[in-house]
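1. Next comes the sequence, and after it the predicted model I'd like to discuss.
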Amino acid sequence: MDFKPLVRFQDVHLRYGNGPDVLHQVNLTLEPGSFHFMVGPSGAGKSSLLRLMYLAHRPTTGRLSLFGRDVSQLDRKETSMLRRRIGIIFQDFRLLDHLTALENVALPLTITGMPLEKVRRNVSELLSWVGLADNLDSKPPTLSGGQQQRVAIARAVIGRPSLLLADEPTGNLDDKIAERLLFLFEELNKRGTTIVVASHNEALVNRFNHPVFKIINGEVRLIRSAPVIEQNTESGAA
């Protein structure tokens, strides 16, 4: 079988306009079903790396492939179709103020044609899980920053995307809620979703046993590998 990584960067550089490289010679491969953290200080390039994976930007030079497709070859329709397989949590939430929390989270399901009763049930259960059972009918302007962040997270994961990109998803949350949401990401990962979480909170990241990349001066470096999993080798093979 011809294995194709879910995400592959090959000598990718990114710069905005005539400025210096924001990302420099990125070589990175993410396998389907993997879970990775991206750490580094503010301004290091974490958000830019996620924007490349979300197809909000194209590499200045180098090659980026998603789901086995070279992104430079995608037309607008193909780009839109690939984005439907990606869930993203933005730092600025991007909620629709005229919709309730439930309606915001329901958007990825309603566009698929799922029956409204099933949509409401699934969304209500997820919002309850993230601690917003009493805020289903609240609109974003009436919610705190942390509550809005949880709505944005619920919206990103409700459709069980193939790839979830989370840009500082725990930035406005206390440690207890932050850990709970990362456990939610782990459950989603166990069901097959590839997870990439960008965070400057290395103490929180170190509580979880997943590979960690660090962005330093625009370069992406692996600083912690995946844990070694013992396997049963009693196969009789030479």
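-> Yep, that arrived.

2. which residue is nearest the middle of this structure?
-> Leu165 (1.3 Å; Cα atoms, centre = their mean).

3. I'd say it and Arg85 touch.
-> No - Leu165 is beyond contact range of Arg85, at 11.4 Å (criterion: Cβ atoms under 8 Å). (C-beta placed from N, C-alpha, C; glycine too.)

4. List phi and psi for Leu164.
-> Dihedral angles of Leu164 (phi, psi; degrees, to the nearest 10) stand at phi -110, psi 120.

5. just the one 4 residues further on next, same as before
-> Glu168 adopts backbone torsions of phi 50, psi 60, taken as degrees, to the nearest 10.

6. got the contact list for it?
-> Listed by Cβ atoms under 8 Å, 6 or more residues apart in numbering, the contact partners of Glu168 are Lys46, Gln91, Ala198, Ser199, His200.

7. What ranges does the protein have for its helices?
-> Taking DSSP state H, the helices of the chain run over residues 46-53, 76-83, 101-110, 116-129, 145-157, 175-190, 202-205.

8. Any idea how many residues pack against the spatially closest residue to Ala101 that is not a sequence neighbour?
-> Distances taken as Cβ to Cβ, 6 or more residues apart in numbering place Val151 nearest to Ala101, at 4.8 Å, with adjacent residues excluded. Counted with other Cβ atoms under 10 Å, the neighbours of Val151 add up to 24.

9. For Val151, list the residues it contacts.
-> So Val151 contacts Phe93, Leu95, Ala101, Asn104, Val105, Leu127, Leu132, Pro140, Leu143 (Cβ under 8 Å, 6+ apart).

10. so which of the residues you listed is the most crowded?
-> Val105 (30 neighbours).

11. Tell me how far that one lies from Glu186.
-> Distance of Val105 to Glu186, given as Cβ to Cβ, to the nearest Å: 20 Å.

12. same thing with Arg85?
-> Distance from Arg85 to Glu186, by Cβ to Cβ: 20 Å.
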